[in-house]
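Student: build the 3D model from these lines:
(2 chains)
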Amino acid sequence: MLAYTLRRIGSAIPTLLFIITIAFFMMRLAPGGPFDRERQLPPEIEANILRAYNLDKPVYEQYFDYLINIMHGDFGPSYKYLDFTVTDLITTGFPVSLRLGMSAILLAIFVGVFAGTIAALKQNSVFDYMVMGTAMTGIAIPNFVMAPLLALIFGVYLSWLPVAGWGGGAIAYQVMPIITLALPQIAYVARLTRGSMVETMNSNFIRTARAKGLNERIVVIRHALKGGLLPVISYLGPATAEIITGSVVIEAIFDIPGIGRYFVNGALNRDYPVVMGVVIFFALLIITLNLVVDLIYGFLDPRVKVE
Amino acid sequence: MQKTLRCKLFQFRPLLFSALFFTLFFSQSALAGGDLRIASMGEPASLDPHKVSGTWESAVVGEMFVGLTAENIKAEPIPGVAESWTISEDGKTYTFKLRKSNWSDGTPFTANDFVYSMRRILLPETAAEYASLLYIIKGAEAVNTGKAKPETLAVKALDDLTLEIQLTGPAPYFLELLTHYTAYPVPRHVLEKYGKLWTKPGNMVVNGPYTLVDWVPNTNIKLTKNQEFWDAADVSIDNLTFYTQEDRTAVQKRFRAGEIDIALDFSSDQINWLRKNLPKETRIAPYMGVYYYPINTTKKPFTDLRVRKALAMAINREAIVDKVLKTGEIAAYSFVPPGMANYDKGAEVDWKDIPYPERIKQAKALLKEAGFGPDHPLEFTLRYNTSENHKRIAVAVASMWKQIGVKAELFNSEVKVHYADLKQGDFQVARAAWVADYNDAQNFLYLLETRTGANNYGRYSNANFDKLMLEAEGTADLKKRSELMRQAEAQAMADLPIIPIYHYVSKSLVSQKVKGFIDNPKNVHRCRYITLQ
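Tutor: Presented below is the predicted three-dimensional model:
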């Protein structure tokens, strides 16, 4: 398994290099530059600024400089947040996004798997339709509708929770963002669990387990769930990567200092180093989480051998 | 039973008294000091005054630094670090007498701090975006373009508390310009110690009413009263928190929930709700900015005055401000907004008072003369940067132009692309706006000078206009200068290289407990004058 892990990590390096190259040149191909704005800068001042950020050099030279810098762990300064480096922004923002994201994912796993399993066991019952109906609504309502709605009800009208802000990470400030993040995930997880559990419950090894006279609870928890959760696990890999890297909508509405905004705003601002930094970070996360998913598969499904 | 209760209460009497005392004591002190929470509507790019460029940054940085002059409660220039000054007869040499004051770490403030700071912002290595604002100082442009050494800049410390600044020409707006963040002093001893990290909490040293406590990027910036500030005794609010959230609807909800005391903007589409539900909190005031459509005067058929004039005449500005925007904006028939300092009365277009239906008739006739008609309609692209309001205005304008047989295709692009293309002159008619850096008509009119370059989007070039502006620049007499600028504006309003659409208003939400927030055309509100009730 160690050899397998090392091999996977080894194969990640060319993937990463490919991603960096594509992102770097795509960013430069986009029209407009980081210093184009309403107030045009006098040419001398623009030249001063371009020189200060080495943007006056040919693009290929900038590319190689960038590769050398990131090998030294230097992701460069942000063009938009001048007092912070890209590393500063990611290291201060990521713990916040991670905290919210992990809470949301855990909530999604517990609620989603539970609701999905019950729905599968009571297939075509009222409970099943209720869970699946709610799940569809959860998927269908976009977060930019859900977030302001929650803020209006629980923040403005009921005054139970602060409308927005981070408050140094106090629980009260996290409730609404976590719920907004978790709702669609709960829905996806519930649907996936139900689908796969329905299938698993009809498979031969479950019939064997029942034939052995095992108690239904043990059949479901020990045997069916293990197989039934496989599609959920493979969904959770990339989903976790996506959620723990923040959401621009939720961060904007709830004023959360996460890293989600850097994906979108970095690109809009043509803040090249920030975009590159988050792309690399996101790619690394996806690669790692996919590896983790594959390793977990090995444990859950005896037919899969990780080697 | 009653007796026991009374006994118990009696036992607790000292506690009750002290609780009462503390409540009274703290409510009293809350009146005098208190914490003010402001939504500044944007994350500052930096807290280094030489590296910022936006109003949302000025709101924060302006609490931490004071220049030679400062703003009063109505944002008019008053003595800042300079206690008094004399101006030479030709209006070109200013001698400032500085007050005795300290940086927030107790280091004495000297005239050399200004010499260092003004050289620093102009050094090409500083890469300050706004350095050109100081080009009025003799030698500034040469230093900034790397053609001269910083020592040649005409800013000199005559002694520890006397500073002399020489200008290239008389600039009646100079004292006002000195309130701008480009002219703020920065602490040399701290910059040399910490380098780029000097703006971090703990390192930062300032000379204004408030000093930095904490900065969480994309969330908030906390400041506290600077006890070393010379006027600290008159500063009421103890702590300031700036929330940098940009989502206007979310900020409005926080304001309603009482989490924010002042929001420095709100979304225009909320105006009806706000007027109905928060009439006392909703503030709208004229603001020194203009929303306009530059026309590319180098491209046919826009080289033809008749075409430009027809387009300008066919826009019903009153309909745009009353029906589309609805937040009290002022229909614009001139480039310079009304009420600018050192400017008696701007020059408006001469067809302003012609009724709209008649204007449409004349516009049609002009287009016909220029060779356009039903079989050969005028077709072009109207560009705007992506935004709901710009779109609504563009749609309205295009439908007004349709009445005179013009087919305008709308084309939107994100802001970076939009302005990159405007800079290249790659447009026909486009959306643009200008908000003044300082309260003077010159700050608008210079945009139309040939020498201005990229900011003169439509590349308007008129010898008479340039001559008048150059003459105004060299004129110290305010009345004469104002008249020269008025003539220049009249020339531009006859040539119409730009179509003025409306003059801006500032929009804020201010809690009723906030006192000392006075509406003003610069929309600058320094917290040292604000108290909480």
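Student: distance between stretch A:57-71 and the chain's centre?
Tutor: 28 Å (CA atoms, centre = their mean, to the nearest Å).
Student: and that stretch, what's buried?
Tutor: Within stretch A:57-71, the residues that count as buried by 16 or more other CB atoms under 10 Å in any protein chain shown are A:62-63, A:66, A:70. Using the backbone N, CA and C atoms, a C-beta is placed for each residue, glycine as well.
Student: the residues you listed also near chain B: which ones?
Tutor: Checked against chain B using CB under 8 Å from any CB of the partner chain, those yield no neighbours at all.
Student: adding pLDDT, write those out as a markdown table.
Tutor: Output for the buried residues of stretch A:57-71, formatted as a markdown table (pLDDT from 0 to 100):
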| residue | pLDDT |
| --- | --- |
| A:Gln62 | 91 |
| A:Tyr63 | 93 |
| A:Tyr66 | 92 |
| A:Ile70 | 90 |
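Student: out of the residues you listed, which is nearest to chain B?
Tutor: Lowest distance from chain B to those (CB to the nearest CB) belongs to A:Gln62, with 16.8 Å.
Student: may I have the secondary structure class of A:Pro257?
Tutor: Recorded secondary structure, A:Pro257: coil (DSSP: H, G, I helix; E, B strand; the rest coil).
Student: tell me which element B:Arg459 falls in.
Tutor: Under the criterion DSSP states H and E, no helix or strand holds B:Arg459.
Student: was I right about it contacting B:Ile295?
Tutor: No - using CB atoms under 8 Å, B:Arg459 is not in contact with B:Ile295; the gap is 9.9 Å.
Student: are we agreed that B:Ser508 is in a strand?
Tutor: Yes - counting by three-state DSSP, B:Ser508 is found in a strand.
Student: now it: how far from chain A?
Tutor: Using CB to the nearest CB, to the nearest Å, one gets 18 Å for the distance from B:Ser508 to chain A.
Student: report how many residues lie close to that residue.
Tutor: B:Ser508: 21 surrounding residues under other CB atoms under 10 Å in any protein chain shown.
Student: now it: closest residue in space that isn't a chain neighbour?
Tutor: B:Arg283 (4.6 Å; CB to CB, 6 or more residues apart in numbering or on different chains).
Student: neighbour count for B:Arg459 and B:Ile295, which is higher?
Tutor: B:Ile295 (26 against 18).
Student: tell me who's in contact with that one.
Tutor: B:Ile295 makes contact with B:302, B:308, B:311, B:428-429, B:458, B:496-499, according to CB atoms under 8 Å, 6 or more residues apart in numbering or on different chains.
Student: could you rerun that using 7 Å?
Tutor: B:302, B:308, B:429, B:458, B:497-499 (CB atoms under 7 Å, 6 or more residues apart in numbering or on different chains).
Student: could you dump whichever helix or strand the residue nearest to B:Ser508 is part of to PDB, C-alpha only?
Tutor: Assigned by DSSP H and E, B:Arg283 belongs to strand B:282-294. What follows is strand B:282-294, C-alpha atoms only, in PDB (Å, rounded to 0.1, in the frame of the first residue of the first chain):
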ATOM      1  CA  THR B 282     -31.200  56.900   4.600                       C
ATOM      2  CA  ARG B 283     -28.900  59.700   3.400                       C
ATOM      3  CA  ILE B 284     -28.600  60.900  -0.100                       C
ATOM      4  CA  ALA B 285     -26.400  63.900  -1.000                       C
ATOM      5  CA  PRO B 286     -24.800  65.400  -4.200                       C
ATOM      6  CA  TYR B 287     -21.400  63.900  -4.800                       C
ATOM      7  CA  MET B 288     -18.600  65.100  -7.000                       C
ATOM      8  CA  GLY B 289     -18.800  62.600  -9.800                       C
ATOM      9  CA  VAL B 290     -20.100  62.400 -13.300                       C
ATOM     10  CA  TYR B 291     -21.500  59.400 -15.200                       C
ATOM     11  CA  TYR B 292     -20.900  59.900 -18.900                       C
ATOM     12  CA  TYR B 293     -20.600  58.300 -22.300                       C
ATOM     13  CA  PRO B 294     -17.300  59.200 -24.100                       C
END
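Student: walk me through which strands that strand pairs with, and which way each runs.
Tutor: Using DSSP bridges, the strands paired with strand B:282-294 are strand B:432-435 (antiparallel), strand B:498-510 (antiparallel).
Student: mind checking what helix or strand follows that strand in sequence?
Tutor: Defined by DSSP H and E, the subsequent element after strand B:282-294 is helix B:305-313.
Student: elements contacting that next one?
Tutor: On a contact count with 3 or more CB pairs under 7 Å, 6 or more residues apart in numbering or on different chains; DSSP states H and E, helix B:305-313 meets helix B:356-369.
Student: which residues sit against the helix it packs on?
Tutor: The set of residues external to helix B:356-369 that reach it, using CB under 7 Å, 6+ apart, is B:306-307, B:309-310, B:313-314, B:316, B:351, B:378, B:403-405.
Student: mind listing what's buried in it?
Tutor: For helix B:356-369, burial by neighbour count (16+ other CB under 10 Å) applies to B:359-360, B:362-364, B:366-367.
Student: what of stretch B:185-205?
Tutor: Residues of stretch B:185-205 classed as buried: B:185-188, B:190-191, B:194, B:198-199, B:204-205 (neighbour count, 16+ other CB under 10 Å).
Student: can you pull the contacts of the residue in the stretch 101-250 of chain A that chain B sits nearest to?
Tutor: Minimum separation of the stretch 101-250 of chain A from chain B (CB to the nearest CB) falls at A:Val163, amounting to 4.6 Å. By CB under 7 Å, 6+ apart, the contact set of A:Val163 is A:151, A:155-156, B:253-254, B:257, B:259.
Student: from A:Arg8, how far out is A:Ala182?
Tutor: 30 Å (CB to CB, to the nearest Å).
Student: which other residues reach the helix or strand that contains A:Asn265?
Tutor: For A:Asn265, the host element (DSSP H and E) is helix A:260-268. Helix A:260-268 is contacted from outside by A:89, A:97, A:245-248, A:251-252, A:274-275, A:278, B:218, B:414, using CB under 7 Å, 6+ apart.
Student: any idea how far stretch A:3-11 is from the chain center?
Tutor: Once both centres are worked out by CA atoms, centre = their mean, stretch A:3-11 turns out to sit 23 Å from its chain's centre.
Student: repeat that for stretch A:152-171.
Tutor: On CA atoms, centre = their mean, the centre of stretch A:152-171 falls 24 Å from the chain's centre.
Student: so where is the chain shaky, pLDDT-wise?
Tutor: The chain I'm using is chain A. Along chain A, segments meeting pLDDT under 70 span A:304-307.
Student: try again with chain B
Tutor: Using pLDDT under 70, the flagged stretches of chain B are B:1-32.
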